[in-house]
Every structure is written in C-alpha cells, then in structure tokens.
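Participant: Just to be clear, the model below is a prediction. Sequence and coordinates:
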Amino acid sequence: MYRSVGWGVALICLGSLILSSCVSPSGGGKWPEGLLAEESWIDVARWELVRSGGVEEASLRAEGGGLAVSFAQQGEGFVEPRLLLGGADFSSCEALALRLESRIEARLMVSLVLYEGGRVWETPGKSLESGTHLVVFDLWGELFVPGMELPEGSNPLSSVEALGVRIGGLENPAGTVLLEGIASARSDEPPPWTFLVGGDSDGRELLSEVRVVHTPSPEDPLVELSIPLGVIPDNPYDPDEVDVEAVFVSPGGDSYRVAGFYYVPFRSIRRSFGTLLRMAGPGEFRVRFIAPEEGTWVGYVRVNYRGQESRKPLPPFQAPAPGKGYVGRSKRDPRYFSFQDGTPYIPVGSNVAWYDHRGIAAYDVWFSEMARYGANFARVWMPSWGFGIEWSDTGLGNYHRRQRQAWELDRVLRLAEENDIYVMLCLLNHGAFSTSTNPEWSENPYSSTLGGPLESPGAFVSDAEAWKYFSRRLRYIIARWGYSTHIFAWEIWNETDLATGILQNEAFPRWLEEVAEYIRREDLGRHLVTTSYSVPVDAGDPLWYSMDVVQEHRYGLQEWAPYMVGRVLRAREKTDKPYLFGEFGISGDVPDPEGIHWLDGLWGGIFSGAAGSGMLWWWDLYLEHHDLFPLYRGISRFLEGETLEGMEPHEVEYLGPYQIHMLTRDGEVWIWIKDRTFSFEGLVSKAMGVGLENVTWEPLPSTVLRLPLGPGGYRVEWYDPRTGELIGEDEASASDDVLEVVVPEFTQHLAGKVRRVE
C-alpha cells in the first residue's frame, strides 16, 4: 500500500517508545505530572520560519495562545518553525513534549532539531495524525544512541542555540498545524553514557564463556545464549570481521546451525507522561533457538574474529516437547495453512504495519484488542520510520544506531506471542527505492549520493555490492527473530512494482529466487516466504515460482466478496499455493463507520477459497478510530475448531435480493448469504436522500437453497456473522443429490454450516 505511508521527507527514522495520547485542545490545559510548561517559549517574536524542498508557501503567526504554522508542500521537503534560544542548557532535560493540533487530514511526520555549535541533533520523526495530541520526545533515549562517539569531557546539549520543530509529509500536505504548548522533563540522573563500538582486544580470551540467559520451558520454549567476547569489533554486524554461530545437537544427533547477532540491551522507564527507553549496558552477541525435539540438547559455540577461531561447548539444556511448531502449507491440502503438528491455521486479521505517535505502546492496544475478538494475524513492516535497522543514519552494514528499533521489534514480537498473533514481517518497503511513489531514495544509504554503491534504485537487484549488504541484513534479521513460531511469513518486498526500475531490471526474477533461497537456508526452512505487488499479478506468473504464498493487494469501490471468489478461482487454475489478500480497502476516511466494506472482505476472503480473511489496510485511522475490532468476533467464532482443508469455493448465480457464497467439500457446505445491498456501494446508494446516519436494512424473507449434497441426513446450523453466535439449528434430509435447506429470515447477512450426519 502507498496511499497512507505519506511522510518521511528529510526526516530520519521513526523509533520511539514514547506514549502519546489525545489531550484537551485547550492550549492552557494541564500537563501530565513531571512536565514543566515552558510558557515563555510560545512567543512568536522568538521564532523564525525555515522551509525546505517542495514547501513554497509557509507562514507563522500567533493564534489562541499558541503558534500556527500554515504551509503547502509539493514533493519532498519540510517546514520548520525555529525557536531562538541563544545558548540554553538542555543537558538535564531528558524529554520535551509538544501539544500539537493538526488540522491537516494527511498524516504528517514531526521531529525536533536542536542546534548546538557546529552540531545538529535531530530526533527520529513521529507520526502526527489529524486532531490534538501530546507528543513526547525522549531526548536522552533518541539522541544518544549506541555507537555514538563523544569527545572526552564533552557536555552535549549544554548550549543549544535554537530548537526547531520540523514538519513534513509525503502526501503533499497543505493546511495548518497549531503548536499549543511546549513542556520539558528534567532529571537529576546523570545523562546517559553511550556504549562505544571500536577498538581492539582488551586482553581477554576471545571466547571465554557461554551463558544461558533464557531457559526453555513448556510455556516458552526459547533458549537464548549470551556470548560475551574478549574483543571489541569495529563492526559487530559484519560477519567477515566477526562471525558467531551456535551448533545445536538434538538427542537424536541432528545438528542445527544458528547464526548469532549483536544485541544492545535497553530498559524502559515509566513516567506519568509515557515510557522512556535507555540503554541498559554494553552490547554482546546472542543466539536464539527453539528446539524441534524434546530431550537433552548439547552443542557448541564457534567464533571467528579476523581469522582467529575459538569454540566452547554450550551448557546442555532440556528442551520441552515441541508445541504446534511453525506455520506452513498444509500437507493435506497445500492451498491452506497448518502448523507443523497438523493443527489448521486460518489467518484472520489486518495490517498494523507501523505504530503512530504512541510508539510501540500502540501495539499493546492493537494486539490486545485483536486477540480479545479472535484475530490471529498481523502484517508488520520494517520501514525507515518504524522497525527498519538500516538507513541513512546507520550507513550500510552497521545497525548499531538502530538497536533501539531492534529492541522495539523484540518487544512487539513478544506481544504477538503473548496474544497468539502470527506476524507477516515485511522486510522492504517500496518507498525506500522509489523516486516517485512515497519517495525515500534520497535518504537511502544504498544511493551513491550518500556513499552507497547504486546510481539508481533499479540497480539494487543486480549490483553485487548491494547484495553483499542486503544479504548481511537478511542474516541479522533471521538470526534475531527467526526463532519465533509467531512469525507467520517473511515478506520480501511490499508492492515491488512501485519501487523505481526494479521490475524493469531483467535481473529481478532471478534476484527474487536468490533471496528466497537465501532466506530458507539461513532460516532452516522454518517460515513461509512471500512478496507483494500493488496490482494483481497472475498466480501462474514466474514471479510466484519461488514464493510459498500468492499475495494480492487490491483497492477501490467494488463488491469485495464476488471479486475475491473470482480471483481465487482463476488462481486455482494456475497454482495450488495458498492465496491471501494481504491488503484491501477503500480509503482511510471512507464514510463507513460500521465497517460494512471491511466485513465484506473479512468474510469474503474466507468464502473466496483464499487461505485467510481479507486483511484491511487502514488500521489506526479507520479500524481503531471507529472501534471496529469487535467485527473480528463473528468470523473467528465461526472458524473456531474448523479447517478449510478440502474446501472448494463456488461462484453462485443469484436472483432477487440475495447474494450467496458457498464453500463445499464432501458431505459439507458452508454458506454466507447477504442482502445484496449490504455493501459499501449499497450503503452509499441508500444514504442518498436520507443521510449516512439514517441508513437501515429491512429484514429479508425466508428462502430455500438447493445444495449439491448427496442422499442422507444433515445438520443445519445458522450463525450471526457479527457475533459468531449459533442462532438456529435444524435437521434436513435428501433422497437424491440435492438438499433443500430453508434459510430463516435475516437482516444484512447470515452464515451457516450444513454437515452430513452419520
């Protein structure tokens, strides 16, 4: 999806744990405890306005006790109101908070820029949605990152000459943002020291010990090793300099090689206004692994540092009996999914690709609400403004300045495990290699303008130097997160066709195969692999040959359920791979507060013969905004304890007021029957003349369905699609190959199951 990515501009990554929440629009409202209002700063005479790039019109004025910034942006750029301070001391200021009202519908990005002498300090950007919000910037946690070298005896932020509030977007935003107030949080604690990387051996043995820092249990089967080294590598993320791996040996004698990864610990600090994040110690190598076999495991750790090699046995550990295992294609019906133990898995969920101004606290809300109503799938990205570990602030091949983001993704995957949600993790976003659609290429470290190897984005898939760095990134991602049974799949690239010149490069198909092969090799074949495009790509296209899942993204005003079943039926003529609608929707501000179009795709995905529900794109601006999480309940209850294996979808001809969708297998039919006007188009049509808030649907009368089932007795169950509750049951029998089933009166839609009774 590209319609909502809309930000980034000249900003660096989004990477904050800070809680932010809606607050009173009054500029004089109280600040949370611990924040001190800086009232003298809200004086328009102390500010100047700076603009960059595509911002041609901009103004700054006093309004209602605050500062109003109005601008119109075309293309890349930003506007920055800048407070002139003349040498203010920020060295004891651990956080700054802004009370901002955005009157712009498009999503913006906001960062703080502090100017001190010849140094410019910029925080990661934060997503700003329309409305009034308290946005907190964790200065100590966001400005002082691993790998930063400070001159001995320096006292950073002790003489700040100016403070800028940088605002921009990628959707050509135009309008006004009101800065209602600024507050600071001071701390008596000493400012954080950074943990530096670089240097030579400190004289210790290269590999002196291996510690188990997480012991496996039936509730949590992860074993995690800590591997401190007696050297300090220049770049601990470069396996050509330092290569760490563990070899685990099962009770049956099978060996599993798992790469190590460099890890910087963090700790969270709760404040009344949010959660701050601090480095909790120096970095070290870690290894994560979930044993696929019960019993006593042994093995060893191997380290190669600049040609010097050392090995140590790892402490034996007792692995519990494996649980369901990883998600894969069903062995009984490869068009659907199951766990390694054969338990069916039917994805029901949506996209939650990145967090908003609340930081990863947003995932606490989203995952808990999704789990509460039975959802079990989420699609998450690794973009520059979210969980990306390599960008312009890191350079290529060194992820030290992105360890905060890596720690945040650790936490989000743990949240997924706690809520039993399976994550499709998207490794590349289109904008990073685009010069036109949500363009970020000017900030991409692969660009030659930033010292990278590529003159143009399209060369990414054919340049040997680019592959060296990208494969290194893949290795790190798999080493750190590949252990998790709650990663559903690796998605290589979101909507690759929107990246400039990639599909036009004849090397792309082979590159895609090589990436898939590399992932499977490093990942020990544990997870599914897929990719995506912004337009439907035929399921028989060679681009899908190396993928495990065919994924479609689709947007527009259409009847979702009939569209989906048509797409899957055509796909089944070409492939037996699972088909998944990874993104669908209309727009983020669609006038559908009841979620009618989402229900159409949620149920339509299942009844199309796809391997899961349709996955809505608009999660925070629509799903959460209208509190539509309860709509998961109906489909999740309907599917509870079921399998889709063997199910065949059908295009059903219908007359009159009914729209009918069916899945069938031997002796069984699932039915989803709708009022044919119960769709977004029907909603808009009904709203004409009466208004959206007055739309109602009248009950449809009982009807009779003739189902293609053989002779015998059958049990008929009817379910409320909104709640999943069983609302009626009956018995029926057939003496020939057609069973007549009486459909009760219903409003909007109804779901049913018909099964042969032995």
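Facilitator: Structure received. Numbering: from 1, shown residues only.
Participant: Spell out the secondary structure type for the residue lying closest to P315 once chain neighbours are set aside.
Facilitator: Once flanking residues are discounted, P315 sits nearest to V212: 5.5 Å by C-beta to C-beta, 6 or more residues apart in numbering. (Glycine included, C-beta is placed from N, CA and C.) Assigned by DSSP: H, G, I helix; E, B strand; the rest coil, the conformation of V212 is strand.
Participant: change the start of the numbering to 28 and stick with it
Facilitator: Noted, 28 is the first residue going forward, which turns the last one into V239.
Participant: Name the helix or strand for W434, please.
Facilitator: Using DSSP states H and E, W434 sits within helix 430-445.
Participant: which residues are in contact with that helix?
Facilitator: The contact list for helix 430-445 (C-beta atoms under 8 Å, 6 or more residues apart in numbering) reads 40, 42, 44, 168-169, 172-173, 290-293, 304, 310, 386-387, 390-391, 394, 405, 407, 409, 413-416, 426, 448-450, 507-508, 511-514.
Participant: which of these are buried?
Facilitator: 40, 42, 44, 168-169, 172-173, 290-291, 293, 304, 310, 386-387, 390-391, 394, 405, 407, 409, 413-416, 426, 448-450, 507-508, 511-514 (16 or more other C-beta atoms under 10 Å).
Participant: Please tell me how far S483 sits from S475.
Facilitator: 9 Å (C-beta to C-beta, to the nearest Å).
Participant: More neighbours: these two, which one.
Facilitator: S483 (15 against 11; other C-beta atoms under 10 Å).
Participant: who does the nearest residue to Y503 once chain neighbours are set aside bridge with?
Facilitator: If the residues on either side of it in the chain are set aside, Y503 comes closest to F288, at 5.5 Å by C-beta to C-beta, 6+ apart. Beta bridges link F288 to R313, judged by DSSP bridges.
Participant: What is the burial count for F288?
Facilitator: Counted with other C-beta under 10 Å, F288 comes out at 22.
Participant: For it, give me its contacts.
Facilitator: With C-beta under 8 Å, 6+ apart, F288 has these contacts: V271, F312, R313, V314, Y503, A506, R507.
Participant: Could you list the domains of the protein?
Facilitator: 48-213, 238-346, 354-678, 698-784 (automatic domain parsing).
Participant: How many residues are close by E83?
Facilitator: Residues near E83, counting by other C-beta under 10 Å: 12.
Participant: Then the one 5 residues further on?
Facilitator: For R88, the neighbour count with other C-beta under 10 Å is 11.
Participant: Next, count neighbours for I529.
Facilitator: 24.
Participant: That one belongs to a strand?
Facilitator: No. Looking at I529 with three-state DSSP, it is coil, so not inside a strand.
Participant: From F535, how far out is it?
Facilitator: 6 Å.
Participant: okay, and the common contacts of the two?
Facilitator: What both I529 and F535 touch, as defined by C-beta under 8 Å, 6+ apart, is the set V488, T523.
Participant: Mind telling me what element L732 is part of?
Facilitator: strand 730-734.
Participant: Give the pairing partners of that strand; include direction for each.
Facilitator: By DSSP bridges, strand 730-734 pairs with strand 766-770 (antiparallel).
Participant: Now do whichever helix or strand comes after the partner strand against strand 730-734, angle only.
Facilitator: Next helix or strand after strand 766-770 toward the C-terminus (DSSP H and E): strand 776-784. Counting by axes from the mean of the first three to the mean of the last three C-alpha atoms, to 10 degrees, strand 776-784 lies at 50 degrees to strand 730-734.
Participant: Can you list the strands that strand 776-784 pairs with?
Facilitator: strand 695-702 (antiparallel), strand 739-746 (antiparallel).
Participant: buried ones in it?
Facilitator: H776, L777, A778, G779, K780, V781, R783.
Participant: who are the neighbours in contact with the closest residue in space to L734 that isn't next to it in sequence?
Facilitator: Nearest non-adjacent residue to L734, counting by C-beta to C-beta, 6+ apart: L766, 4.6 Å away. Contact analysis of L766 by C-beta under 8 Å, 6+ apart lists R733, L734, L736, Y741, A759, S760, V781.
Participant: With respect to T421, which of those is nearest?
Facilitator: V781 (57.1 Å; C-beta to C-beta).
Participant: how close does that closest one sit to L732?
Facilitator: 9 Å.
Participant: Could you check the domains of the chain and tell me which one is nearest R692?
Facilitator: Closest among the domains of the chain, once you apply C-beta to C-beta, is domain 354-678, at 4.0 Å.
Participant: distance between that closest one and the chain's centre?
Facilitator: Centroid separation for domain 354-678 versus its chain: 8 Å, with C-alpha atoms, centre = their mean, to the nearest Å.
Participant: now the end-to-end length of that domain.
Facilitator: 29 Å (C-alpha to C-alpha, to the nearest Å).
Participant: Over to stretch 648-662?
Facilitator: Start-to-end, stretch 648-662 (C-alpha to C-alpha) is 22 Å.
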